[in-house]
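Engineer: Build me a structure from this.
(one chain, ligands or ions: 1)
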Amino acid sequence: MGALERFSLAGRVAVVTGGTRGLGAGFAEALGDAGASVVLVGRDVDAAQGVLDTLRSKGIRTEFIAADVTVADDVQRVLDTTLSTFGQVDILVNNAGACVHAPALDVTPEDWRAVMAVNVDAVWTCSQTFGRHFVAERSGSIVNIGSMSGFIVNRPQWQPAYNASKAAVHHLTRSLAAEWAPHGVRVNALAPGYIKTDMSPVDDPQFRQHWIEDAPMQRYGTVEELAPAVVFLASDASSFVTGSVLVADGGYTAF
Ligand code: NDP
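Structural biologist: A predicted model of the protein is given here:
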């Protein structure tokens, strides 16, 4: 097999949580570009329709399953519906996420729980639910979307719950990778820096100094630059890679 062929996802089925907008929509499109059929998971039906239209206009086979990833029954339904619709599932991208900006002393119990529920608990529930299937099949690739915030403390905004949640994602990635490697299942994470989406207001002047000017590349990234890294981690191009956290941050964490 040639090097480029190893990136092909022809015949594979990928599930992308939070595929209704932002990075997840871009990851879904890139996985589809590489040949996969793609299941979008999220709560916003209208937003999902726009992504479905974009992917289908490119000839990508795709469906939307409305689900809240913090609800275990919803996650099981996503797996069951994917299997009944596509007959298989090969890739899980745990991308759904949430962030609250607040100094530690102002973070409410509800804020803390809301961030942990999506960023940690749901990554665990989705990984365990799909992991059961992948381990039984002796095949599967999980890509968790972590963050450079799992390594550094962002500034000027404080976001302690988010930072802790992404460090948890990175170490859960390593834990599951070690445990499931003998079962043919790979688990990796992608740790992005600032990428322009609803979650990251990269154009806001109050963030310009710390987010942009202090960074080695002095710019934010785009989902188009990030998405090929998900294709790499999902595909046979990374068949000897597991337990890795791939940083894609324009050099931000180098300083
Ligand atoms: P957005 O806020 O633009 O999108 C978040 C996505 O998550 C939406 O599709 C939303 O779908 C989904 N989502 C949130 N909660 C739930 C839920 N309970 N159930 C199902 N889906 C849910 O964020 P981004 O695209 O920017 O971020 C995507 C991931 O990348 C996150 O994990 C984030 O932490 C990470 N990341 C982002 C960076 C950035 O700079 N943008 C940097 C580093 C990491 P819906 O509304 O339909 O439910």
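Engineer: Next one: the closest residue to residue 178 other than its chain neighbours from residue 249, what distance?
Structural biologist: Closest residue to residue 178 apart from its sequence neighbours, by Cβ to Cβ, 6 or more residues apart in numbering: residue 243 at 6.2 Å. Backbone N, C-alpha and C define where each C-beta goes, glycine included. Counting by Cβ to Cβ, to the nearest Å, the gap from residue 243 to residue 249 is 19 Å.
Engineer: chain center to stretch 47-66, what's the gap?
Structural biologist: Relative to the chain's own centre, stretch 47-66 is displaced by 18 Å; criterion: Cα atoms, centre = their mean, to the nearest Å.
Engineer: So the residue nearest to residue 178, which state does it fall into?
Structural biologist: coil (DSSP: H, G, I helix; E, B strand; the rest coil).
Engineer: Tell me, how many residues neighbour it?
Structural biologist: As a burial measure, residue 243 scores 18 neighbours (other Cβ atoms under 10 Å).
Engineer: Just the pLDDT for it.
Structural biologist: Looking at residue 243, its pLDDT is 99.
Engineer: Contact partners for it?
Structural biologist: Going by Cβ atoms under 8 Å, 6 or more residues apart in numbering, residue 243 touches 173, 174, 177, 178, 181, 187, 188.
Engineer: what do you get if the cut-off is 10 Å, keeping everything else the same?
Structural biologist: 170-171, 173-178, 180-181, 186-189 (Cβ atoms under 10 Å, 6 or more residues apart in numbering).
Engineer: Quickly note the distance from it to residue 119.
Structural biologist: Residue 243 is 19 Å from residue 119, where distance means Cβ to Cβ.
Engineer: next one: residue 140
Structural biologist: Taken as Cβ to Cβ, the span from residue 140 to residue 119 is 22 Å.
Engineer: and what of residue 112?
Structural biologist: From residue 112 to residue 119 the distance is 11 Å (Cβ to Cβ).
Engineer: what residues are shared contacts of the two?
Structural biologist: Joint contacts of residue 112 and residue 119 (Cβ under 10 Å, 6+ apart) are 161, 164, 165.
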